[in-house]
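S.K.: Sequence first, then the predicted structure:
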Amino acid sequence: MKIVVIGGTGLIGSKVVAKLTAHGHEALAASPNSGVNTLTGEGVDAALAGADVVVDVSNSPSFEEKAVMDFFVTSTNTLLTAERKAGIRHHVALSVVGTERMTDSGYMRAKVAQEQLIRESGIPFSLVHATQFFEFVKSIADAGTDGDIVRLAPVSIKPIAAEDVATAVARTAAHDPLDGVLEVSGPEEFLLTELIERGLAERGDERRVVADHDARYFGAHLTDRELLPGPDAEVFPTTFEQWLDAQAAVTH
């Protein structure tokens, strides 16, 4: 199949392209750098010509409330319009476990809006909802940092390796549309505070993690279970320890 990956040069997209190519598909990495811009529409029709599937793993460059909503609504509408013209048979989008439970976050509201457009488009679709990536430990810490203190809500989380997310997205793209949601997570449940503390320690980062029930998570107030997938989620095997070891091997 010809599969166009929007955001195909990013963390997840580049891995999705590699996996699809390895399985014999024609995978096209589409991004503003390759002349495909879903905000302006530039190059979108040409990229989708002759394609069977579109995978959208793009992300907003800004998490500011209006900017992120504009990004996901505009880019998704651009894509869906082009997909109807091109006769695309399957739209796959990557989203976040718990979006609908965290609507006090501008980012999550934008993802909910994106998903609604996809559901109402009439194009067969699959939504892959992933838990937080191991790769974002530092950015989560940075968002909660005040001086040398990192304030985070002590809530449960089942993080996942980006490599495993890419496997889930690529596999979904190569199969029939779900017309629904696939949730994916890693194998271990942590407290968010524990995960970030361990991740920072591995980096030699001396910031101190403090449990704060009022701390926001990308703008959302968390109580306990918002970041966890449901019982039917597909659990991928990579542990945090295995991921840390792999990172260490790359850097040494």
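M.R.: Sure, I can see it. Numbering: from 1, shown residues only.
S.K.: can you list the residues that contact the helix or strand of the chain with the lowest mean pLDDT?
M.R.: Least confident helix or strand of the chain, by mean pLDDT, DSSP states H and E, is helix 240-251 with a mean of 89. Among residues not part of helix 240-251, those counted as contacts by C-beta atoms under 8 Å, 6 or more residues apart in numbering are 134, 159, 161, 186, 188, 190, 195, 198-199, 202. All C-beta atoms are positioned from the backbone trio N, CA, C, and that covers glycine.
S.K.: what about 7 Å?
M.R.: 134, 159, 161, 188, 202 (C-beta atoms under 7 Å, 6 or more residues apart in numbering).
S.K.: Next, count neighbours for the closest residue to Arg119 other than its chain neighbours.
M.R.: Spatial nearest neighbour of Arg119, excluding adjacent residues (C-beta to C-beta, 6 or more residues apart in numbering): Phe125 at 6.9 Å. By the measure other C-beta atoms under 10 Å, the count of residues near Phe125 is 20.
S.K.: same deal with Thr21?
M.R.: When counting by other C-beta under 10 Å, one arrives at 15 neighbours for Thr21.
S.K.: got the buried residues for whatever helix or strand it lives in?
M.R.: When elements are assigned from DSSP states H and E, Thr21 belongs to helix 11-22. For helix 11-22, burial by neighbour count (16 or more other C-beta atoms under 10 Å) applies to 11-17, 19-20.
S.K.: what does stretch 95-103 give?
M.R.: Quick answer for stretch 95-103 (16+ other C-beta under 10 Å): 95-99, 101-102.
S.K.: Can you name the two of those residues that sit furthest apart?
M.R.: The largest separation in the buried residues of stretch 95-103, counting by C-beta to C-beta, is between Ser95 and Arg101 at 12.6 Å.
S.K.: ok so, going back, with distance to Leu228 and pLDDT as extra columns, can I get the buried residues of stretch 95-103 in a markdown table?
M.R.: Below are the buried residues of stretch 95-103 laid out as a markdown table (distance: C-beta to C-beta, whole Å; pLDDT from 0 to 100):
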| residue | distance to Leu228 | pLDDT |
| --- | --- | --- |
| Ser95 | 15 | 97 |
| Val96 | 12 | 96 |
| Val97 | 7 | 96 |
| Gly98 | 7 | 93 |
| Thr99 | 13 | 93 |
| Arg101 | 10 | 92 |
| Met102 | 12 | 92 |
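S.K.: tell me which of the residues you listed is nearest to Ala113?
M.R.: Thr99 (9.9 Å).
S.K.: Pretty sure the closest one sits against Val112.
M.R.: Yes. Counting by C-beta atoms under 7 Å, Val112 is a contact partner of Thr99 at 5.3 Å.
S.K.: per-residue confidence at the residue nearest to Arg119?
M.R.: In this prediction, Phe125 carries a pLDDT score of 98.
S.K.: Check which element follows the longest helix seen in the chain along the chain.
M.R.: The longest helix of the chain (DSSP state H) is helix 65-86. Per DSSP H and E, the first helix or strand lying C-terminal to helix 65-86 is strand 90-96.
S.K.: Can I get the helix or strand that comes right after that following strand in PDB? Just the C-alpha atoms.
M.R.: Counting by DSSP H and E, the next helix or strand C-terminal to strand 90-96 is helix 106-119. Output in PDB follows, covering the C-alpha atoms of helix 106-119 (Å, rounded to 0.1, in the frame of the first residue of the first chain):
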ATOM      1  CA  GLY A 106      -6.200  23.400  26.100                       C
ATOM      2  CA  TYR A 107      -4.000  20.800  24.500                       C
ATOM      3  CA  MET A 108      -6.400  18.000  25.300                       C
ATOM      4  CA  ARG A 109      -9.400  20.000  24.100                       C
ATOM      5  CA  ALA A 110      -7.600  20.500  20.800                       C
ATOM      6  CA  LYS A 111      -7.000  16.700  20.500                       C
ATOM      7  CA  VAL A 112     -10.700  16.100  21.300                       C
ATOM      8  CA  ALA A 113     -11.700  18.500  18.500                       C
ATOM      9  CA  GLN A 114      -9.300  16.800  16.100                       C
ATOM     10  CA  GLU A 115     -10.800  13.400  17.000                       C
ATOM     11  CA  GLN A 116     -14.400  14.700  16.500                       C
ATOM     12  CA  LEU A 117     -13.600  15.900  13.000                       C
ATOM     13  CA  ILE A 118     -12.100  12.500  12.100                       C
ATOM     14  CA  ARG A 119     -15.100  10.600  13.500                       C
END
